[in-house]
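Visitor: Sequence first, predicted coordinates after that:
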Amino acid sequence: MNEFLILSIVVLIYIVITGYVGYLAWKRTKTADDYMVAGRETHPFIMALSYGATFISTAAIVGFGGISGVYGMGLLWLTFLNILVGIFIAFVFFGKRTRKMGHNLGALTFPEFLSKRFDSKFIQYFSGLIIFFGMTLYASVVLIGMARFVETTLNLDYTMALIGLAVIVALYVIFGGIRGVMYTDALQGSIMFVVMFILLVATYWIMGGVTDANQALTNLVNIVPAQATATATATGFTGWTSMPALGSPFWWTLVSTLILGVGIGVLSQPQLVVRFMTVKSNKELNRAVLIGGIFICLMTGTAFVVGALSNVYFFDKLGQLAIQVVDGNADKIIPAFISASMPLWFAYLFMIALLSAAMSTLSAQVHVQGTALGRDVYETLTKIKGDSSVFIARIGIALAMILAVIMGLILPTNIIAVGTSLWFSITAGAFLSMYVFALFWKGCTKAGAISGLVVGTLVSLFWLVFEYKKSAEALSIAKALTGQAVLTTAVPWPTVDPIVIALPVAFVVTVVVSLLTKAPSKEHLEKCFQGVN
Amino acid sequence: MVLGINDPWIWGAYIGCILVTLLCVVYGILNWNKGGEDEKGQIKEEVKWHEKEKEMQEKELGLWDEEDA
């Protein structure tokens, strides 16, 4: 009981500090610029941490950390891509151009940026609608994860936890706008950074150092009884420090979903792209590369290394593998390892870090949904502009949060992974080709961009509904229409992520249509690319 | 064997993560003060941007008033 009281107090203090930071943001928010792009004068430290904390949700730490507990360190390729693509390429090559072009065009949201670049209102409200509805599912799965976590750790009723958390996040996003989101993100990111750093050092410490711990993990596959890893081996597992068998189902999942889907799909995430437009100059982006690189390396790197190494610890102490200790639920591997190996105060800190990870992702999601509905859909269709855009964005955020709560009460728990991959696939299919060409190819036309957007969206939706096993089975639409869970069961198609199909198709369609249609005017291109080297 | 790991694909990823983080750090340090608004052209541009933004905002608000009326 005493411990529970301490934990409750710690959580309460955390929420009060978050509330105070949100209040500071609200005091500094006056205009639409403030509300949507933080007046374009965000400090690089806040920008980088906000980007990182939004990027990394609880699923990345606990979910993927648990997966590495089952399949091993191959997941480190995801960390590699997260840093190389998600930070370095995103900031240096995409971020700088986006910031400059966004400013040239006076864009406040990602759809508005694309729409003004290609001079098409359709792009704005179509993208706005994709974001609003696609993000609803993604936001609700983050909320579900967060509420389930509070339910188990604080013994709160699930519905109460769900509504309580939604209200807290909604309050500081509705009133504080993007400043509310980014200031709290920076606080939450700092907590996550410290906690994951301690976790990495402590884990290697208790296992006798980096080489000894890794070596023990390498040797483990030869010590454990074959039946303990039988399920994993059947799908391609070869050991915790070796890659899965080439072409096996797990190899495809690792390479296509995790590495391509999440690693590359990150480039066209609207809630991340908008952050490039919140800084004043390239200097802030240059500095943010340093902070963001270290942050992401420490977040996912720690989760994947610790997840895999937990097998050594559990086998040594209990004679069981991590997945056996948690009765087959990989999501529980990281929490189980922490409660077994770390002192109680750290377990509490870790809970706060997880709460931070979820809240920072959720706040960015509902903010981007609100602005998509207010600025991109409502304003574009009604042509009403001005202060009302903030008001409508606020209503949009409230609406998004209510939708997320309703879905959180309806959806089953196992929807978390599917919801996340649906979102990454749809956004990559819809936006990535258009976004790349917006920044790097002057020859891309309005018709080309629209074709790529529509075809990319439709192809990824088709693949998600009819062929990609994880989502097709969960949605059951294919089953209802064709009688089969997926259209073809031939390997590897059911495990191939939609991004592998939709992205190349969208690229080809955009290029072909652009080459066949009239090039944009010189004046328009000059305006877009002014000062972009 | 590197860092207790046999498979070059895995220790490659392990070392790769560290190297790519170092790339970010070195890039950040080398460009710490570059691309800032202290450069002449940038200051000029900022002033222009601000003027334009002010103009746009006034225009937007004006439009709102017109429609409101």
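Guide: Perfect, I can see it now. This is a predicted model, so every value here is computed, not measured.

Visitor: Going by C-alpha atoms from here, please, whenever you check contacts or count neighbours.
Guide: Will do.

Visitor: Any regions of the chain where pLDDT drops low?
Guide: Since no chain was named, I'll use chain A. Applying pLDDT under 70 to chain A flags the ranges A:1, A:261, A:385-387, A:413-414, A:416-417, A:533.

Visitor: my question was about chain B
Guide: Checking chain B against pLDDT under 70 turns up B:37-46, B:49, B:56-57, B:59-69.

Visitor: Helices of that one, residue ranges please.
Guide: B:8-30, B:40-68 (DSSP state H).

Visitor: what does the first one contact?
Guide: If you take CA atoms under 8 Å, 6 or more residues apart in numbering or on different chains as the criterion, helix B:8-30 is touched by A:73-74, A:76-77, A:79-80, A:83-84, A:88, A:241-243, A:286-291, A:293-294, A:297, A:301, B:1-3, B:5.

Visitor: What of stretch A:55-66?
Guide: Outside stretch A:55-66, the residues touching it (CA under 8 Å, 6+ apart) are A:142, A:145-146, A:272, A:296, A:299-300, A:303-308, A:330-335, A:354-355, A:357-358, A:360-361, A:417.

Visitor: Please narrow these to those residing in helices.
Guide: Using DSSP H, the contacts of stretch A:55-66 in helices are A:142, A:145-146, A:272, A:296, A:299-300, A:303-308, A:333-335, A:354-355, A:357-358, A:360-361, A:417.

Visitor: which helices and strands sit right next to the helix or strand containing residue A:450?
Guide: Using DSSP states H and E, residue A:450 maps to helix A:446-466. Where contact means 3 or more CA pairs under 8 Å, 6 or more residues apart in numbering or on different chains; DSSP states H and E, helix A:446-466 is packed against helix A:416-427, helix A:433-440, helix A:469-475, helix A:477-482, helix A:498-516.

Visitor: Next, name the residue at the spatial heart of chain A.
Guide: residue A:55 (4.6 Å; CA atoms, centre = their mean).

Visitor: coming back round to it: separate out the buried members of the contacts of helix B:8-30.
Guide: A:73-74, A:76-77, A:79-80, A:83-84, A:88, A:241-243, A:286-291, A:293-294, A:297, A:301, B:5 (16 or more other CA atoms under 10 Å in any protein chain shown).

Visitor: and the residue nearest to residue A:308 when sequence neighbours are not counted, what helix or strand is that in?
Guide: Of all residues not flanking residue A:308 in the chain, residue A:69 sits nearest, at 4.2 Å (CA to CA, 6 or more residues apart in numbering or on different chains). Using DSSP H and E, residue A:69 maps to helix A:64-71.

Visitor: what's the angle from that helix to helix A:416-427?
Guide: Orientation of helix A:64-71 against helix A:416-427 (axes from the mean of the first three to the mean of the last three CA atoms, to 10 degrees) gives an angle of 110 degrees.

Visitor: CA-only coordinates of helix A:64-71, as PDB, when you get a sec.
Guide: The C-alpha trace of helix A:64-71 is given here as PDB (Å, rounded to 0.1, in the frame of the first residue of the first chain):
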ATOM      1  CA  PHE A  64       9.300  -3.500 -30.200                       C
ATOM      2  CA  GLY A  65      11.500  -4.000 -27.100                       C
ATOM      3  CA  GLY A  66       9.400  -7.100 -26.400                       C
ATOM      4  CA  ILE A  67       9.700  -8.200 -30.000                       C
ATOM      5  CA  SER A  68      13.500  -8.000 -29.700                       C
ATOM      6  CA  GLY A  69      13.100 -10.200 -26.600                       C
ATOM      7  CA  VAL A  70      11.700 -12.900 -28.900                       C
ATOM      8  CA  TYR A  71      13.700 -12.400 -32.100                       C
END
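
Visitor: Work out the gap between that helix and the centre of the chain.
Guide: 17 Å (CA atoms, centre = their mean, to the nearest Å).

Visitor: Likewise for stretch A:147-166?
Guide: Worked out by CA atoms, centre = their mean, stretch A:147-166 lies 22 Å from the chain centre.

Visitor: Stretch A:17-36 now?
Guide: 23 Å.

Visitor: cool, and stretch A:383-397?
Guide: On CA atoms, centre = their mean, the centre of stretch A:383-397 falls 26 Å from that of its chain.

Visitor: May I see the buried residues of that stretch?
Guide: So for stretch A:383-397, counting by 16+ other CA under 10 Å, buried means A:384-386, A:388-397.

Visitor: next one: stretch A:369-388
Guide: Quick answer for stretch A:369-388 (16+ other CA under 10 Å): A:369-380, A:384-386, A:388.

Visitor: For stretch A:192-208, C-alpha coordinates in CSV please.
Guide: Extracted C-alpha coordinates of stretch A:192-208, given in CSV (Å, rounded to 0.1, in the frame of the first residue of the first chain):
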residue,chain,number,x,y,z
MET,A,192,12.5,9.4,-21.3
PHE,A,193,16.2,10.2,-22.1
VAL,A,194,17.4,10.0,-18.5
VAL,A,195,15.4,6.8,-17.8
MET,A,196,16.6,4.9,-20.9
PHE,A,197,20.2,5.9,-20.3
ILE,A,198,20.1,4.5,-16.8
LEU,A,199,18.4,1.4,-18.1
LEU,A,200,21.1,0.7,-20.7
VAL,A,201,24.0,1.3,-18.4
ALA,A,202,22.4,-0.7,-15.5
THR,A,203,21.5,-3.6,-17.8
TYR,A,204,25.1,-4.0,-19.1
TRP,A,205,26.4,-3.4,-15.6
ILE,A,206,24.5,-6.2,-14.0
MET,A,207,25.5,-8.5,-16.9
GLY,A,208,29.2,-7.9,-16.6
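
Visitor: wait, what's in contact with whatever residue of chain B ends up closest to chain A?
Guide: Per CA to the nearest CA, the residue of chain B with the smallest distance to chain A is residue B:4, at 4.0 Å. The contact partners of residue B:4, by CA under 8 Å, 6+ apart, come to A:210-216, A:218.

Visitor: Kindly supply the PyMOL command isolating those of those that are buried.
Guide: Selection of buried members from those for PyMOL, criterion 16+ other CA under 10 Å:
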select buried, chain A and resi 211+213+214+215+216+218
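
Visitor: Arrange the contacts of residue B:4 in TSV, one row each, with distance to residue A:313 as further columns.
Guide: Output for the contacts of residue B:4, formatted as TSV (distance: CA to CA, whole Å):
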residue	distance to residue A:313
A:210	14
A:211	15
A:212	12
A:213	9
A:214	12
A:215	13
A:216	10
A:218	13
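
Visitor: where does the stretch 1-150 of chain A come near chain B, residue by residue?
Guide: A:73-74, A:76-77, A:79-80, A:83-84, A:88, A:103-104, A:106 (CA under 8 Å from any CA of the partner chain).

Visitor: In contact with whichever residue of chain A sits closest to chain B, which residues?
Guide: Chain B sits closest to residue A:215 of chain A, with a gap of 4.0 Å, by CA to the nearest CA. Contacts for residue A:215 (CA under 8 Å, 6+ apart) come out as B:3-5.

Visitor: which residues sit in contact with the residue lying closest to residue A:94 once chain neighbours are set aside?
Guide: Nearest in space to residue A:94, with sequence neighbours left out and distances taken as CA to CA, 6+ apart, is residue A:439 at 7.3 Å. Residue A:439 makes contact with A:94, A:97-98, according to CA under 8 Å, 6+ apart.

Visitor: Against residue A:2, how distant is residue A:439?
Guide: Counting by CA to CA, to the nearest Å, the gap from residue A:439 to residue A:2 is 56 Å.

Visitor: and if you look at residue A:77?
Guide: 42 Å.

Visitor: any idea which helix or strand comes after the strand or helix carrying residue A:189?
Guide: Per DSSP H and E, residue A:189 falls inside helix A:158-206. The element immediately downstream of helix A:158-206 (helix or strand, assigned by DSSP H and E) is helix A:210-223.

Visitor: Export only the CA atoms of that next one, formatted as CSV.
Guide: Only the C-alpha atoms of helix A:210-223 are listed here, as CSV (Å, rounded to 0.1, in the frame of the first residue of the first chain):
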residue,chain,number,x,y,z
VAL,A,210,29.0,-5.0,-23.1
THR,A,211,31.1,-7.9,-24.6
ASP,A,212,30.3,-10.3,-21.8
ALA,A,213,26.6,-9.7,-21.9
ASN,A,214,26.4,-9.9,-25.7
GLN,A,215,28.5,-13.0,-25.7
ALA,A,216,26.2,-14.7,-23.1
LEU,A,217,23.3,-13.9,-25.4
THR,A,218,25.2,-15.3,-28.5
ASN,A,219,25.8,-18.5,-26.5
LEU,A,220,22.3,-18.8,-25.2
VAL,A,221,20.8,-20.2,-28.4
ASN,A,222,23.1,-23.3,-27.9
ILE,A,223,22.1,-23.8,-24.3
